[in-house]
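> whatever this is, show me its structure:
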Amino acid sequence: MKTFSIGEVSKIMNLSIPTLRYYDKEGLLDTVERTEGGIRIFHQEDLDHLRMLECLKSTGMPLKDIRTFFEWCKQGDSTVERRYQMFLDRKAEVERQMESLKKTMATIEYKCQWYKEALEAQTQEKTSKVS
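Numbering: from 1, shown residues only. From the prediction side, this is the model:
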């Protein structure tokens, strides 16, 4: 079975070594083995675990909730409903974020068009309350 050093995992996952150490310190990497000298040894399952962690983190999920999710996973089928609800809640939050970003994008697109027309006219004297 292939193993990875923390440096290799850092490169593979595009995460800094201090971030990986922080995740470990926070109990988010409790399956990572250590040598007698305390050096972390990562397996493919640990990389898969990190991918899920990073996915959840990218949605804005707090680390404490990610930790809870992983604890529920260890508990097995008795927590499937809670995990499902957690993902439904996360999905709803991401949908809210996407709606907000769509509104932001519409404003940016409007301003890009405004400035394009101003450049083409070689003037910024076009009527606008906010330039």
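> contacting residues for R82?
W72 (Cβ atoms under 8 Å, 6 or more residues apart in numbering). In short, each C-beta sits where N, CA and C put it, glycine included.
> next up, phi/psi of it, please.
phi -70, psi -40 (degrees, to the nearest 10).
> apart from its chain neighbours, what residue comes closest to M1?
Excluding the flanking residues, the one nearest M1 by Cβ to Cβ, 6 or more residues apart in numbering is H43, at 6.4 Å.
> does that neighbour touch H49 like I think?
No - here H43 lies out of contact with H49, judged by Cβ atoms under 8 Å, at a distance of 9.4 Å.
> so what sits against both of those two?
T31.
> of the two, which one has the most company?
H49 (20 against 15; other Cβ atoms under 10 Å).
> what does the helix or strand hosting that one rub up against?
Assigned by DSSP states H and E, H49 belongs to helix 44-58. Identification of contacts with helix 44-58 by Cβ under 8 Å, 6+ apart yields 1-2, 4, 9, 12-13, 15, 20, 23, 28-29, 31-32, 63, 65-66, 69-70, 90.
> can you tell me how far the nearest residue to L20 once chain neighbours are set aside sits from T68?
Distances taken as Cβ to Cβ, 6+ apart place I6 nearest to L20, at 5.6 Å, with adjacent residues excluded. The gap separating I6 from T68 is 25 Å, by Cβ to Cβ, to the nearest Å.
> now C55
16 Å.
> with K103 instead?
K103 is 31 Å from T68, by Cβ to Cβ.
> among those two, which residue is more densely surrounded?
T68 (16 against 9).
> the more buried one: what's it in contact with?
Neighbouring residues of T68 by Cβ under 8 Å, 6+ apart: M86.
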